[in-house]
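>>> Take a look and give me a structure for this.
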Amino acid sequence: MIKIFFYTSGIGLGGVERVLLEILKGIDKEKFDVKLGLQYENENAFEDEIPKEIKYEYMLEKDFINRILEVQKKKKNNIFYKLFYNLLLIKEKKIIKKKFIRFSRDRDIVIDFKSGDFLRLISMLKYKKKVCWFHTSVFEANVYKKNKKKLKKRLKRMDKIVVVCDEMKKQMIVEFPEYEEKITRIYNPFNIEDIERKARDREALNLREKELLEDKYIVAVSRLEEKHKDIATLIEAYAKIKHKVREKLYIVGEGPDREKIESLIEKLELKDRVVLLGFQKNPYIWMKNARLFVHSSKSEGFGLVLVEAMMCNVPVISSDCPVGPKEILEGGKSGELFEIGNSEQLAEKILKVLNNKEVYVTYKTNAWKRKDNFLIDKVKKQVEEFFHELR
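Okay, here's the model as predicted:
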């Protein structure tokens, strides 16, 4: 039996966590003994979905994390708290290192599943097969921004580098041509049966949400932050066509720029047409019942929500941002692509899809066929073959 150790920050609300859960659920437990290491106990929204056969452990407990966060708030204007904060960070590294070494001791394969964030920890292990799993463009990775030379040195110690789309693979080879033989592309896995089941499940909805679901609407599912995402362009595009479409605009998601987005909605006089639904543990029911799914983003690692929308059988429009959307939508065959930040073009694309029945049906049909490349059984086979070859 091959013993594998996945390591990431937590099992919280992000796309990386959803991908990891699908791999953990799908992998053959009779062939693979899997452990899961999670750095922060406060990132645990989907802890209850970790398969019962998998042993997992947090490196840092909630109490310690909360203590650090509390001191961090006070350190700006107090030299004592600044010194105390630095001491806590030193203690944090020691705790993590000790637990990490103990928990990974009996493993054959150790994986940094967070785009290189934990290469320092993974690199220090000896006599293990080591993997770095990238979910984002190498240019967006924290380690790349801080020090490319350090990243290059640490990747040299990896036996394999996994990327989640072909465009990302090409990018990685250009940056690190000497590691070309190490790089493997594995698409993110999706459980369509689970998505379809959740897309029918209305139990968690309150009365207002059930009423909203009955209306005609366009939907976006995105974190509300404007550094990487681009909800502002979507709202501006919608404002241009608000008198030409019956559909309202629903936005599922939460984030640090919510107030800015609310201000933009008010400025453009869209309060009666744009609905911020906040975080929804089950976004699929909103996708399934939408007339159109629109994804406006400045950059993506892959674009999980695009595939999820395709599996909900709704037409898709996406910004042509690096690195995943163009590949997922087959260059425009399985959905419309628009230039990043171009609200005028996005407005035109929305009208085109909604008002042209032939275009609407074609995108739904092509997207439904395209989804087969990302089904869990297909990806699971590749993942398992990857681990067998690596060992």
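
>>> report the longest strand in this structure, please.
What stands out as the longest strand in the chain, according to DSSP state E, is strand 32-40.

>>> Strand partners (parallel or antiparallel) of it?
Paired strands of strand 32-40, with direction, are strand 2-8 (parallel), strand 55-60 (parallel) (DSSP bridges).

>>> Out of those strands, flag the one nearest residue 129.
Nearest to residue 129 among those is strand 2-8; the distance by C-beta to C-beta comes to 9.3 Å. C-beta here means a position set from N, CA and C on the backbone, and glycine is covered the same way.

>>> Could you identify the helix or strand that succeeds the closest one?
Counting by DSSP states H and E, the next helix or strand C-terminal to strand 2-8 is helix 15-26.

>>> By residue count, tell me the biggest helix in this structure.
Using DSSP state H to define each element, the chain has its longest helix at helix 79-104.

>>> distance between that one and the chain's centre?
Counting by C-alpha atoms, centre = their mean, to the nearest Å, helix 79-104 is centred 28 Å from the centre of its parent chain.

>>> buried stuff in it?
Residues of helix 79-104 classed as buried by neighbour count (16 or more other C-beta atoms under 10 Å): 81, 84, 85, 88, 92, 96, 99, 100, 103, 104.

>>> do stretch 365-375 as well
366, 367, 370, 371, 374, 375.

>>> for those, which one is nearest residue 132?
residue 374 (21.7 Å).

>>> The closest one and residue 108: what is the separation?
28 Å (C-beta to C-beta, to the nearest Å).

>>> cool, residue 336 as well?
Distance from residue 336 to residue 108, by C-beta to C-beta: 45 Å.

>>> Tell me which of those two has more neighbours.
Using other C-beta atoms under 10 Å, the more surrounded residue of residue 336 and residue 108 is residue 336, with 22 against 17.

>>> what pLDDT does that one get?
Looking at residue 336, its pLDDT stands at 97.

>>> same thing with residue 142?
pLDDT, residue 142: 67.

>>> what's residue 248 sitting at in phi/psi?
phi -80, psi 170 (degrees, to the nearest 10).

>>> Assumed residue 263 was part of a strand.
No: read with DSSP: H, G, I helix; E, B strand; the rest coil, residue 263 is helix and lies in no strand.

>>> For residue 220, what is the enclosing helix or strand?
strand 217-221.

>>> Not counting that strand itself, show me its contacts.
231, 234, 238, 245, 247-253, 275, 283, 286-287, 289-296, 305, 308-309, 314, 350 (C-beta atoms under 8 Å, 6 or more residues apart in numbering).

>>> Same question for stretch 26-40.
With C-beta under 8 Å, 6+ apart, stretch 26-40 has contacts from 1-11, 20, 24, 44, 50-51, 53-60, 65, 96, 100, 103-104, 107, 118, 189, 191, 376-377, 379-380, 383-384, 387.

>>> For that stretch, which residues meet the burial criterion?
26, 27, 32, 33, 34, 35, 36, 37, 38, 39, 40.

>>> possible to save the residues you listed as TSV with distance to residue 216 and pLDDT?
Compiled in TSV, the buried residues of stretch 26-40 are given as follows (distance: C-beta to C-beta, whole Å; pLDDT from 0 to 100):
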residue	distance to residue 216	pLDDT
26	36	92
27	41	94
32	46	96
33	50	97
34	44	97
35	47	97
36	42	97
37	45	96
38	41	95
39	43	93
40	41	92
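
>>> Any chance of those residues in CSV with distance to residue 125 as columns?
Listed next are these as CSV, based on distance: C-beta to C-beta, whole Å:
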residue, distance to residue 125
26, 26
27, 21
32, 19
33, 17
34, 17
35, 13
36, 16
37, 12
38, 17
39, 16
40, 20
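
>>> Just the pLDDT for residue 145.
pLDDT at residue 145 comes out at 68.

>>> Grab the CA positions of the strand holding residue 220 and hand them over as PDB.
In PDB, the C-alpha atoms belonging to strand 217-221 read as follows (Å, rounded to 0.1, in the frame of the first residue of the first chain):
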ATOM      1  CA  TYR A 217     -31.400  36.000 -13.300                       C
ATOM      2  CA  ILE A 218     -27.800  36.000 -14.400                       C
ATOM      3  CA  VAL A 219     -25.400  34.600 -11.800                       C
ATOM      4  CA  ALA A 220     -21.800  35.000 -10.800                       C
ATOM      5  CA  VAL A 221     -20.000  33.000  -8.100                       C
END
